[in-house]
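[1] quick one: sequence plus predicted model below, questions after.
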Amino acid sequence: MTLSIKNDTLSLHAQRQLAEHSADATRLISKLSSGARIGDAADDPAGQAVSARMSSQLRGMSQAMRNINDGTSMLQVADSAMANIGDSLQRLRELAVQAGNDALSASDRGALQTEANQLLVQITQVGKDTAFNGQTLFSQDTASIGGDDKKRKVIDGLKTGWLASAEAMVKKYYGIEGDGADLKLNLGGVDDGQWNVLASVSGTVEGNGKVTDLSLNLDMADFGTGDSADGGAAFLYNDRTIAHEMVHAVMDRSMNMASLPKWFKEGMAELIQGSDERLANAIAGSGVAAVVTGAAAADPSYEGAYAASRYLHDKLKGLGVDGGVKGLMSYLNQHQSATLDTALDAVTNYAIANAAAFMDDFQDNGEVFINTRMNLTNADTGAIGGLDADAGPSRNAKDVVPDVGPNPADKPLSHFNLIVPEIGGNTGVNRMQIQVGAGTSRDDLIDLEFSAMNAHALGLADLDMSRSAVALLHIDQALEFVDKQRVVVGAASNRLDMAAANTQTSSVNLAASQSRIQDVDYASTTARLTRAQILQQAASAMLTQANGQPNAVLALLR
């Protein structure tokens, strides 16, 4: 070993070791005091990057939880408002049921209407004022769930009276009914090649003469709506038109329709609701003789067919046929292969041999019958069962078809499966988004929808308590809509709850993962600190020894 005082290598070595152990102890004390394994990027560059991303994710999740809580509160406000609207609708329904009591006077119904109007104002007010954090929740759109107003009025009439009343009339006066076949409502009308037909029944003729694939076609361009329960305008109200078409529909499914002459089919359809007004107009235009002749034409006139049917009904009653044409129709129904020829021959006991013989009779005696036996000036329409045809009660244009049918609106026909088309009813929607995750993907967003809640949107703006059946139909539709919207809100609330649970679970797992990367291991770090401190003390002692080493040189110099 060389003795030197210019370069004390032992001291330098001891100093370096002491510095390293001191620095190591300082770092370990810093980690133990902060609880973090990674104090700065130098401690673990990759680990620090991963931990930073996890911190961002954790903070995002924490905010997402607050978002979810806000969203849940928003949904609770909306649901509470819709519950209030539902209570108002229930009260409106009570009023509509009460309005259906004929013991009430017009002024009584007026009082009910006054309360109904106030309830509708309240419903609109709730839909307008319901807000969360200053933001209106429900859409303020006024588009109606009822869809096209004209089509809705026609469907209202069909469901609440026209169809059921017509079906009951056909059963009562003709003794026939449908067989449960589908009857599809077509609101687009049909074109017969010459003009759009106001109303018709179409289908496909089967081998047995019955008609399948039935459609009730209404031309909405010409089909009136009116404000009365009868629809349309005087004198040819919509309910009478429907009664005419229901005769065709029932005959299509109850007898050999293909074998019947057109005058008979159209005449029976006119007779069910009477056609005195049309007949009087035809006579005024072309005379009685032309009407009678028109019944025998290849394409008979409605007026001639009606007059011939009235004559046939009178003739059959005179021959002792029970119910007149009812007995004839019942025979055609019970004998599916029968034609009008065989049916007339059978029910009259050979008095009327066939349809041609009857038409010859009508051509000879029709003018006298119309002039002497048909009263075309009184209010009675001439319908079967009425004053003129059967000495029954007078049935004018408004009364001939009862306003309210015997069946509920959800199933107006007893012997047909009515298929009603959707008429496009929809209302505005206020859409909001809740960020329920820390990321930017679509899965981290939940859409909330709040439909419009006002009298117009619920289809109740023109609610009329004087028409109880229609009012009930509209209120029930509004109640169903509000209930569905509450289901939407409830489902969204449940989804937010699940999102909250998922966020909490993910947050816990992510925090645990970050802890394994970021947090200090106290057991091992404390052991390392103890080692560093011992080494620090040893290096300090050795530095003292190293610093004393040059003293040996002095001994050599003495």
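    Received it, and whenever you're ready, just let me know what you need.
[2] return the residues in contact with residue 363.
    With contact set as CB atoms under 8 Å, 6 or more residues apart in numbering, residue 363 has these partners: 292, 293, 295, 296. From N, CA and C alone the C-beta is placed, and that goes for glycine too.
[3] just these: which are in helices?
    Those of those mapping onto helices are 292, 293, 295, per DSSP state H.
[4] now the first one: how far from residue 363?
    When CB to CB, to the nearest Å is the yardstick, residue 292 and residue 363 sit 6 Å from each other.
[5] check what pLDDT residue 33 gets.
    Residue-level confidence at residue 33 comes out at 68, pLDDT.
[6] residue 155 contacts residue 422, doesn't it?
    No. Taking contacts as CB atoms under 8 Å, residue 155 lies outside contact range of residue 422: 10.5 Å.
[7] comparing the two, which residue is more hemmed in?
    For residue 155 versus residue 422, the count of surrounding residues by other CB atoms under 10 Å is larger for residue 155: 22 against 7.
[8] now that one, nearest residue through space, not along the chain?
    For residue 155, the nearest residue in space outside its immediate sequence neighbours is residue 420; the separation is 6.3 Å by CB to CB, 6 or more residues apart in numbering.
[9] now swap in residue 153 and tell me
    Nearest non-adjacent residue to residue 153 (CB to CB, 6+ apart): residue 225, at 4.1 Å.
[10] in this structure, what secondary structure element scores lowest on mean pLDDT?
    For the chain, counting by mean pLDDT, DSSP states H and E, strand 190-191 ranks last in confidence among helices and strands (a mean of 64).
[11] what's stretch 317-331 in contact with?
    Surrounding stretch 317-331, the residues in contact under the criterion CB under 8 Å, 6+ apart are 173-176, 251, 255, 268, 271, 309, 312-314, 316, 338, 343-344, 346-349, 351-352, 384, 390.
[12] let's see that with 7 Å instead.
    Contacts with stretch 317-331, where a contact means CB atoms under 7 Å, 6 or more residues apart in numbering, come from 173-176, 268, 309, 312-313, 316, 338, 343-344, 346-348, 351.
[13] name the helix or strand for residue 213, please.
    Applying DSSP states H and E as the criterion places residue 213 in strand 211-218.
[14] please disregard the earlier target; I meant residue 450.
    Taking DSSP H and E as the definition, one finds residue 450 inside strand 445-451.
[15] what are the buried residues along that strand?
    With burial defined by 16 or more other CB atoms under 10 Å, the residues of strand 445-451 counted as buried are 446, 448, 450, 451.
[16] within its sheet, name the partner strands of that strand and how each one runs.
    For strand 445-451, sheet partners with direction are given as strand 429-435 (antiparallel), following DSSP bridges.
[17] any idea how far the partner strand is from the chain center?
    Between the centre of strand 429-435 and the centre of its host chain there is 21 Å, according to CA atoms, centre = their mean, to the nearest Å.
[18] which strands and helices lie in contact with the strand or helix carrying residue 284?
    Element membership of residue 284 [criterion: DSSP H and E] is helix 276-286. Contact analysis of helix 276-286 by 3 or more CB pairs under 7 Å, 6 or more residues apart in numbering; DSSP states H and E lists helix 288-295, helix 302-318 as its packing neighbours.
[19] now the angle from it to helix 302-318?
    For helix 276-286 and helix 302-318, the angle between their directions (axes from the mean of the first three to the mean of the last three CA atoms, to 10 degrees) works out to 120 degrees.
[20] could you export helix 276-286 as CSV, CA atoms only?
    Only the C-alpha atoms of helix 276-286 are listed here, as CSV (Å, rounded to 0.1, in the frame of the first residue of the first chain):
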residue,chain,number,x,y,z
ASP,A,276,-135.6,7.9,-49.0
GLU,A,277,-133.6,11.1,-49.4
ARG,A,278,-131.5,9.7,-52.3
LEU,A,279,-134.6,8.2,-53.9
ALA,A,280,-136.5,11.5,-53.6
ASN,A,281,-133.6,13.4,-55.3
ALA,A,282,-133.5,10.8,-58.1
ILE,A,283,-137.2,11.1,-58.7
ALA,A,284,-137.0,14.8,-58.8
GLY,A,285,-134.3,14.6,-61.4
SER,A,286,-135.5,11.8,-63.7
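[21] give me the buried positions along that helix.
    Going by neighbour count (16+ other CB under 10 Å), the buried part of helix 276-286 is 276, 277, 278, 279, 282, 283.
[22] for stretch 10-23, same thing?
    Taking 16+ other CB under 10 Å as the basis for neighbour counts, the residues of stretch 10-23 that come out buried are 10, 11, 14, 15, 17, 18, 21, 22.
[23] wait, is residue 184 part of a strand?
    Yes. When DSSP: H, G, I helix; E, B strand; the rest coil is applied, residue 184 is found to be in a strand.
[24] can you list the domain ranges for the protein.
    Following automatic domain parsing, one gets these domains for the chain: 9-35+525-557, 54-146+424-509, 149-419.
[25] out of those domains, indicate the one that is most buried.
    Ranked by average neighbour count under the criterion mean count of other CB atoms under 10 Å, these are headed by domain 149-419 at a mean of 19.
[26] and the angle from the helix or strand that residue 502 is a member of to strand 429-435?
    Assigned by DSSP H and E, residue 502 belongs to helix 468-518. Helix 468-518 and strand 429-435 are oriented at 10 degrees to each other (the same axes, to 10 degrees).
[27] give me every residue that touches residue 447.
    By CB under 7 Å, 6+ apart, the residues touching residue 447 are 431, 433.
[28] what sits opposite it in the beta ladder?
    Taking DSSP bridges as the rule, residue 447 bridges to residue 433.
[29] got a pLDDT number for residue 419?
    The per-residue confidence score, pLDDT, reads 94 for residue 419.
[30] next, residue 539: phi, psi?
    Residue 539 has phi and psi values of phi -60, psi -40 when expressed as degrees, to the nearest 10.
[31] surely it touches residue 19?
    No. Residue 539 is beyond contact range of residue 19, at 8.4 Å (criterion: CB atoms under 7 Å).
[32] which parts of the stretch 1-150 of the chain are helices?
    9-34, 45-99, 106-129, 149-157 (DSSP state H, counting those that start in this stretch).
[33] which one of those helices has the lowest average pLDDT?
    When these are ranked by mean pLDDT, helix 9-34 comes last with a mean of 74.
[34] mind giving me the packing neighbours of that helix?
    Secondary structure elements in contact with helix 9-34, counted by 3+ CB pairs under 7 Å, 6+ apart, are helix 522-548.
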